[in-house]
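Enquirer: predicted model and sequence follow; I will ask about them next.
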Amino acid sequence: MTESQLRESLVMFGLSLYQRGYAHGSSGNLSARLADGLLVTPTNSCLGRLDPARISKVGLDGKHVSGEAPSKEAFLHLAMYQERPTAQGIVHLHCTHCVALSCLEHGRPEDVLPPITAYYVMRIRSLPLVPYYRPGDRALAEAVREKAKKHHAVLLANHGPVVAGKTLEDAVYNAEEMEETAKLFFLLEGRRTRLLDAAKIADLEKNFPS
Ligand SMILES: [Zn+2]
């Protein structure tokens, strides 16, 4: 994809996520990798009203190159891209069910969402919780970087998910799958639930290698 196609894609996916309630107000940010940096949604921008010409361009060192000032959370995207060379797009949302999940006490913070469906396993597989840091704290990027070595999706405590994909579209679908699975998790809470067992997960991993 050319840079101008990626700009149009960011606008299209931003609007789609906003219209369907995955993002509210000026929350959430999207990015796409370029050969020499990344495109990221501007600070305080509403995902439903992005302008392709004003999307921020940032170097791989985090320096602002052009467009409006980048999201204050752009450093989360940079840390994920730096650790995951195959990541071409990243989505960060404050979507309701994932945020609710991020506020629970978890006995196994290394994996906070159970294998409810095959599609969740195929798209996300495992979801570690990153400890809470205040917005803008650079220590949060370092905590994401640590988890990103092994995971393309992480959940920031009392905050929301950061999800990478092989393309921007793939990252959007991964984020949507995570939010819908978190919703199912709460719908099923307190009920006897049949999760996918280790054999079923191994079968998926064999037939759908990531
Ligand atoms: Zn955020």
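Expert: Done, it's in.
Enquirer: use CA for all of it now, contacts and neighbours both
Expert: Will do.
Enquirer: is it correct that Leu38 falls within a helix?
Expert: No - assessed with DSSP: H, G, I helix; E, B strand; the rest coil, Leu38 is strand; it does not lie in a helix.
Enquirer: just list whatever residues bridge to it.
Expert: Taking DSSP bridges as the rule, Leu38 bridges to Arg33, Val58.
Enquirer: ok, now which ones touch it?
Expert: Listed by C-alpha atoms under 8 Å, 6 or more residues apart in numbering, the contact set of Leu38 reads 31-32, 57-60.
Enquirer: nearest to Thr2, of those?
Expert: Minimum distance to Thr2 across the contacts of Leu38 is 11.0 Å, recorded for Ala32 (C-alpha to C-alpha).
Enquirer: which residues are contacting the lengthiest helix in the chain?
Expert: For the chain, the helix that runs over the most residues, judged by DSSP state H, is helix 168-188. Applying C-alpha under 8 Å, 6+ apart, the external contacts of helix 168-188 come out as 9-10, 13, 22, 31-32, 88-93, 95-98, 101, 113-114, 116-117, 119-120, 123-124, 161-165.
Enquirer: in that helix, what's buried?
Expert: 168-179, 181-183, 185 (16 or more other C-alpha atoms under 10 Å).
Enquirer: who's in contact with Thr41?
Expert: Neighbouring residues of Thr41 by C-alpha under 8 Å, 6+ apart: 10, 29-31, 47, 50, 55-56, 70-71.
Enquirer: taking the residues you listed one by one, which sit in strands?
Expert: Of the positions in these, 29-31, 56 sit in strands, assigned by DSSP state E.
Enquirer: let's have the residues you listed in a markdown table, adding neighbour count and pLDDT.
Expert: What follows is the ones in strands among the contacts of Thr41, written out as a markdown table (neighbours: other C-alpha atoms under 10 Å; pLDDT from 0 to 100):
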| residue | neighbour count | pLDDT |
| --- | --- | --- |
| Asn29 | 28 | 97 |
| Leu30 | 28 | 98 |
| Ser31 | 29 | 98 |
| Ser56 | 23 | 98 |
